[in-house]
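Trainee: I need the structure of the sequence given here:
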Amino acid sequence: MRESLQKLQGLMQDAELDLLALLPGPNLYYLTGLNFHLMERPTVLFVPSNGEAAIVLPELEAERAAEALPDLTRFPYGEADAERVRAFHEASRLYHSARQLGVEPLRMRFFELELLREANSAWQLVSAEGVLKELRLRKSTEQVNSMHRAVLIAEKALQETLPGIRPGMNEQELAGELIIQLLRAGSEPDLPFAPIVASGPNSALPHATPTDRMLKVGDLLIIDWGARYEGYISDLTRTFSIGPASDTMRTIHALVEGANQAGRQAAHAGVTAGQVDRAAREVIEAGGYGEYFIHRTGHGIGLEGHEPPGIRAGDDLRLEAGMTFTIEPGIYLPGVGGVRIEDNVAVSEGGLRTLSSLPRGLVELP
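Mentor: Reported below is the predicted structural model:
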């Protein structure tokens, strides 16, 4: 925790942020190695720009925290509401001189906000998005290796699933089998997201939810899935054809495959995220399907499935070694079907490391 905490405190000092309140989730895990549930019993980690961190947490979690981080100051509370309020007041006294309190804008709940306001009305609550974005933007070699292991687990799981795919099974059955194979292959049970299995017209929906639609000969089939290893995730997509694919489907698949390759070739230290998006998008636009590429080229991955950097048009963030993200161009024809090919990559000093290796060409099943 010490090294991560010092990194965070340096960022807070640069941003002139006095105090930070973190809820259970990726940032708290990054700092402490502890996973807590976000539930009706609040857990809040306080991190000052100078000094020692402290945590407010339910009594039932106190022993686990003590074993993992014996030097972390703890303020446990019981089941009564008054106990909870007391714990927050006691913790707030450690940071009575703080004025700006940073919170996670996409995670902080009204529940905890009210407890924080009641604990110290002098705190001015502000977004800590900029500080937290910088905290986990660049991954260490060990973290990238964990992501690579998550990729290998995901790839093995899909390879074990593919032989059972056949016309007549439905999307939900296929998603269920893939989840079983992910766990058998070694993924942590907390999958990064529920697999997307989308066939036929459903494959034209980028974030489709598996349904009871049965696979049919002539369908395109998108499978978007991932695994988790040592907290870090993979997020992959491949597109298949159930039986022979039509000429149109072959054309759009070839364009997406070319866009994926162009995006990976463009991504290296020093170029902007927007330039990577442009390289992939130009391939699809040149093929006449630009209006059907309806999302960004990629998103950052790490402890979360979506985190910085965003690989999108106009983004002037310059890529640096240690940044990890997806390259996932797609074409989606409403009412007909879609294609997406997604790989996980890591920027290195020498260029780009593609973590995923499954074939990207159109595979006809069964």
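Trainee: nearest residue to the most centrally placed residue in the chain other than its sequence neighbours?
Mentor: Closest to where the C-alpha atoms of the chain average out (CA atoms, centre = their mean) is Gly305, at 1.3 Å. Once flanking residues are discounted, Gly305 sits nearest to Pro192: 4.6 Å by CB to CB, 6 or more residues apart in numbering. (Each C-beta comes from the backbone N, C-alpha and C, glycine too.)
Trainee: Run a quick neighbour tally on the one you found.
Mentor: 22 (other CB atoms under 10 Å).
Trainee: Arg166: what's it in contact with?
Mentor: With contacts defined as CB atoms under 8 Å, 6 or more residues apart in numbering, Arg166 is in contact with Leu215, Leu365, Pro366.
Trainee: does it count as helix, strand or coil?
Mentor: With DSSP: H, G, I helix; E, B strand; the rest coil as the basis, Arg166 sits in coil.
Trainee: tell me the phi and psi of it?
Mentor: phi -150, psi 160 (degrees, to the nearest 10).
Trainee: Show me which of the contacts of Arg166 are buried.
Mentor: The neighbour count (16 or more other CB atoms under 10 Å) marks Leu215, Leu365 as buried among the contacts of Arg166.
Trainee: Quick one: the contacts of Arg166 as JSON lines, columns for distance to Leu358 and pLDDT too.
Mentor: Listed next are those as JSON lines, based on distance: CB to CB, whole Å; pLDDT from 0 to 100:
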{"residue": "Leu215", "distance to Leu358": "20", "pLDDT": "98"}
{"residue": "Leu365", "distance to Leu358": "14", "pLDDT": "96"}
{"residue": "Pro366", "distance to Leu358": "17", "pLDDT": "83"}
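Trainee: Tell me the one among the contacts of Arg166 nearest to Met147.
Mentor: Leu365 (27.8 Å; CB to CB).
Trainee: List the residues that contact that closest one.
Mentor: The contact partners of Leu365, by CB under 8 Å, 6+ apart, come to Leu162, Ile165, Arg166, Leu221, Phe240, Ser241, Ile242, Gly243.
Trainee: Kindly list the main-chain dihedrals of it?
Mentor: Residue torsions, per degrees, to the nearest 10, at Leu365 are phi -120, psi 150.
Trainee: residues in contact with the residue nearest to Gly305?
Mentor: Gly226, Ala227, Arg228, Ile233, Ser234, Asp235, Glu304, Gly305.
Trainee: one more time with 7 Å
Mentor: Under the criterion of CB atoms under 7 Å, 6 or more residues apart in numbering, the neighbours of Pro192 are Gly226, Arg228, Ile233, Asp235, Gly305.
Trainee: Columns pLDDT on top of those residues, output as a markdown table?
Mentor: Converted to a markdown table, the contacts of Pro192 look like this (pLDDT from 0 to 100):
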| residue | pLDDT |
| --- | --- |
| Gly226 | 98 |
| Arg228 | 98 |
| Ile233 | 98 |
| Asp235 | 98 |
| Gly305 | 94 |
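Trainee: Output the residues you listed in a markdown table; the columns should cover distance to Val276 and secondary structure.
Mentor: Shown next, in a markdown table, are the contacts of Pro192 (distance: CB to CB, whole Å; DSSP: H, G, I helix; E, B strand; the rest coil):
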| residue | distance to Val276 | secondary structure |
| --- | --- | --- |
| Gly226 | 21 | coil |
| Arg228 | 25 | strand |
| Ile233 | 20 | strand |
| Asp235 | 17 | coil |
| Gly305 | 19 | coil |
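Trainee: So how do I select the buried members of these in PyMOL?
Mentor: Buried members of the contacts of Pro192, defined by 16+ other CB under 10 Å, are picked up in PyMOL with:
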select buried, resi 226+228+233+235+305
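Trainee: Find me the pLDDT at the residue nearest to Pro105 when sequence neighbours are not counted, would you?
Mentor: Once flanking residues are discounted, Pro105 sits nearest to Ser127: 4.5 Å by CB to CB, 6+ apart. Note for Ser127: predicted pLDDT of 97.
Trainee: Please narrow the contacts of Leu365 to those residing in helices.
Mentor: Under the assignment DSSP state H, the contacts of Leu365 contribute nothing to helices.
Trainee: Are any of those buried, and if so which?
Mentor: Judged by 16+ other CB under 10 Å, buried ones among those: Leu162, Ile165, Leu221, Phe240, Ser241, Ile242.
Trainee: how close does the residue nearest to the second one when sequence neighbours are not counted get to Pro329?
Mentor: Yep, that's Ile165 we're talking about. Excluding its sequence neighbours, the residue lying closest to Ile165 (CB to CB, 6+ apart) is Leu365, at 5.1 Å. Note on Leu365: its distance to Pro329, by CB to CB, to the nearest Å, is 22 Å.
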